[in-house]
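A.B. asks: please find the sequence and the predicted model below.
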Protein chains: 2
Amino acid sequence: MSSSTHATLGVRQAQKLKTRQALLDAALRLLEEQSLSSLGLREVTRVVGVAPAAFYRHFRDMAELGVALVEESLGSLHVMIRAVLAEQQEAEEVIDRSVEAVADHVRRHPAHVRFIARERHGGVRAVREAIAAELARFGEEVAAALAAQEVSQGWSAEDVRMLAGLYVDHLVMTASAFLEASPEEGQAIADTARRQLRLISLGRRHWRAA
Amino acid sequence: MSSSTHATLGVRQAQKLKTRQALLDAALRLLEEQSLSSLGLREVTRVVGVAPAAFYRHFRDMAELGVALVEESLGSLHVMIRAVLAEQQEAEEVIDRSVEAVADHVRRHPAHVRFIARERHGGVRAVREAIAAELARFGEEVAAALAAQEVSQGWSAEDVRMLAGLYVDHLVMTASAFLEASPEEGQAIADTARRQLRLISLGRRHWRAA
């Protein structure tokens, strides 16, 4: 293979990835107004300016595009929360940083957060299952981080998972609240979320006495 | 007005209510497969077997029908949870009854629960707002019940609302989990939910020391 063939393949590959991303971006925009189960692939390709048949070079169907959007939506949140959890700081500071991280994530990716909130119980099974799987994986990561902390000594693995589930659910609910809130309401939501996390943290410290 | 005219009006009124309920039931069934923003009123009237124009004798538009479904969905849950909260029992027993009440509600009204879960962040603003208002009203009721309990002595109204919010969010997440679960998974979800409520209850008892 000559180096010019290589270069050509590289350009083609880059172009293909660019079109794929354009399809994902267009679908995400269109999904602000409708659900995935009613979104037609022609609407998506029209926005991108490619022929309908071109869709199939990137995705088998809309469900597969939806699953790709799930990965895009939850991937960056994973990275962020893992970084927060790994820090060895005072509980109070970890709480502040977690809430700030969620608020920041919703501010920067509102369309992704809305997509997850809507399609979590939406009409496309493959997407529902992908979201459930991502959140479960997220729960496992939080559980691993919690298990490594001193306050978890003596806890059963089941109890650590129970607590991780509570944190993940709280995060999802807080993200939902930020999503529907005006900027002024955002401050009150953050304040409530911090106090709720403090209460959970108190319950955690007294759990062994239960 | 003769008594026969009275009887005629009564029959008409009953017929009208029957058609209204048939429209609500048909819409709820159709919404298992699609979102409210994509549901056409002709689809709904076709299922019921009335002319499309008949729709407007009952609802101004699909958004108004959606709001009526919100009331139908959350009304019965209100009544039930209020009854659980009013009981003066051991915390442990209240927790068991709450989780059982949620499980029972999801078992009996899965389509209603799914509708709320989907449309909470769905494409119809009036319906999103109606759900938010119902959940807020729900939070107020839980706060009032919590405030009346001895363990809340010395709590600020703001902290009681914070705790009520945590309970309502937990209830919503537990209902969502039951919704997607197989019957075998249901037992594990109930068990986790009970332990989470115990941990929150522990945090509550130690809150004043915070």
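C.D. replies: In hand now; what should we look at?
A.B. asks: separation between the spatially most central residue of chain A and chain B?
C.D. replies: Centre of chain A computed as the mean C-alpha position; nearest residue by CA atoms, centre = their mean is residue A:74, 2.4 Å away. As judged by CB to the nearest CB, to the nearest Å, residue A:74 and chain B stand 16 Å apart. To be clear about C-beta, it is placed using only N, CA and C from the backbone, and glycine gets the same treatment.
A.B. asks: quick one: pLDDT of that residue?
C.D. replies: Here the pLDDT value assigned to residue A:74 is 85.
A.B. asks: surely it and residue A:116 touch.
C.D. replies: Yes. If you go by CB atoms under 8 Å, residue A:74 and residue A:116 touch, sitting 6.9 Å apart.
A.B. asks: quickly list what's touching both of the two.
C.D. replies: residue A:131 (CB atoms under 8 Å, 6 or more residues apart in numbering or on different chains).
A.B. asks: ok, longest helix in chain A?
C.D. replies: Under DSSP state H, the helix in chain A containing the largest number of residues is helix A:3-30.
A.B. asks: ok, that helix near chain B or not?
C.D. replies: No. Judged by CB under 8 Å from any CB of the partner chain, helix A:3-30 and chain B are separated, with a smallest distance of 11.1 Å.
A.B. asks: now do the same for that helix: mean pLDDT, whole number.
C.D. replies: The average pLDDT for helix A:3-30 rounds to 86.
A.B. asks: residues of that helix that come out buried?
C.D. replies: Neighbour counts using 16 or more other CB atoms under 10 Å in any protein chain shown place A:19-20, A:22-28, A:30 of helix A:3-30 among the buried residues.
A.B. asks: which one among the residues you listed gets closest to residue B:92?
C.D. replies: For the buried residues of helix A:3-30, the closest approach to residue B:92 (CB to CB) belongs to residue A:28, at 45.7 Å.
A.B. asks: and the residue of chain A found nearest chain B, how many neighbours?
C.D. replies: Using CB to the nearest CB, the closest approach of chain A to chain B is made by residue A:203 at 3.1 Å. Neighbour count of residue A:203, defined by other CB atoms under 10 Å in any protein chain shown: 24.
A.B. asks: so what's it closest to, chain neighbours aside?
C.D. replies: Counting by CB to CB, 6 or more residues apart in numbering or on different chains, residue A:203 lies nearest to residue B:203, which is 3.1 Å off, once chain neighbours are set aside.
A.B. asks: host element of the one you found?
C.D. replies: In this structure, residue B:203 sits in helix B:183-205 according to DSSP states H and E.
A.B. asks: for that helix, name the packing helices and strands.
C.D. replies: Other elements packing on helix B:183-205 under the criterion 3 or more CB pairs under 8 Å, 6 or more residues apart in numbering or on different chains; DSSP states H and E are helix A:157-180, helix A:183-205, helix B:91-108, helix B:157-180.
A.B. asks: so who does residue A:103 touch?
C.D. replies: So residue A:103 contacts A:178, A:186, A:190 (CB under 8 Å, 6+ apart).
A.B. asks: correction: the previous question concerned residue A:28.
C.D. replies: Applying CB under 8 Å, 6+ apart, one finds that residue A:28 lies in contact with A:69, A:111-112, A:115.
A.B. asks: most neighbours, which of the residues you listed?
C.D. replies: residue A:115 (26 neighbours).
A.B. asks: just to revisit the earlier point, any idea which helix or strand comes after the longest helix of chain A?
C.D. replies: Next along from helix A:3-30, by DSSP H and E: helix A:41-48.
A.B. asks: point out where chain A drops to low pLDDT.
C.D. replies: Along chain A, segments meeting pLDDT under 70 span A:1-8, A:88-89, A:209-210.
A.B. asks: could you chop it up by domain?
C.D. replies: Under the assignment automatic domain parsing, the domains of chain A span A:1-59, A:60-205.
A.B. asks: dump the ones you listed to CSV, plus distance to residue B:163.
C.D. replies: Formatted as CSV, these follow (distance: least, CB to CB, whole Å):
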stretch, distance to residue B:163
domain A:1-59, 34
domain A:60-205, 7
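A.B. asks: so which of those is the most surrounded?
C.D. replies: Among the domains of chain A, domain A:60-205 has the highest mean neighbour count (mean count of other CB atoms under 10 Å in any protein chain shown), at a mean of 17.
A.B. asks: now do that one: distance to the chain's middle.
C.D. replies: 8 Å (CA atoms, centre = their mean, to the nearest Å).
A.B. asks: got the contact list for stretch A:77-94?
C.D. replies: Here stretch A:77-94 has contacts from A:97-98, A:101, A:105, A:134, A:137-138, A:141-142, A:145-146, A:171, A:198, A:201, using CB under 8 Å, 6+ apart.
A.B. asks: identify the residues contacting the helix holding residue B:203?
C.D. replies: A:159, A:161-163, A:165-166, A:199-204, A:206-207, A:209-210, B:91-92, B:95-96, B:98-100, B:102-103, B:151, B:163, B:166-167, B:170, B:174, B:177-178, B:181.
A.B. asks: again, only using 7 Å
C.D. replies: When contacts are defined by CB atoms under 7 Å, 6 or more residues apart in numbering or on different chains, helix B:183-205 is touched by residues A:159, A:162-163, A:165-166, A:199-200, A:202-204, A:206-207, A:210, B:91, B:95-96, B:98-99, B:103, B:151, B:163, B:166, B:170, B:174, B:177-178, B:181.
A.B. asks: kindly report the same for stretch A:168-178.
C.D. replies: The contact list for stretch A:168-178 (CB under 7 Å, 6+ apart) reads A:99, A:102-103, A:106, A:113, A:117, A:135, A:138-139, A:142, A:186, A:189, A:193, A:196-197, B:121, B:169, B:173.
A.B. asks: ok, now with 8 Å
C.D. replies: Stretch A:168-178 is contacted from outside by A:81, A:98-99, A:102-103, A:105-107, A:113, A:117, A:135, A:138-139, A:142, A:186, A:189, A:193, A:196-197, A:200, B:120-121, B:166, B:169-170, B:172-173, using CB under 8 Å, 6+ apart.
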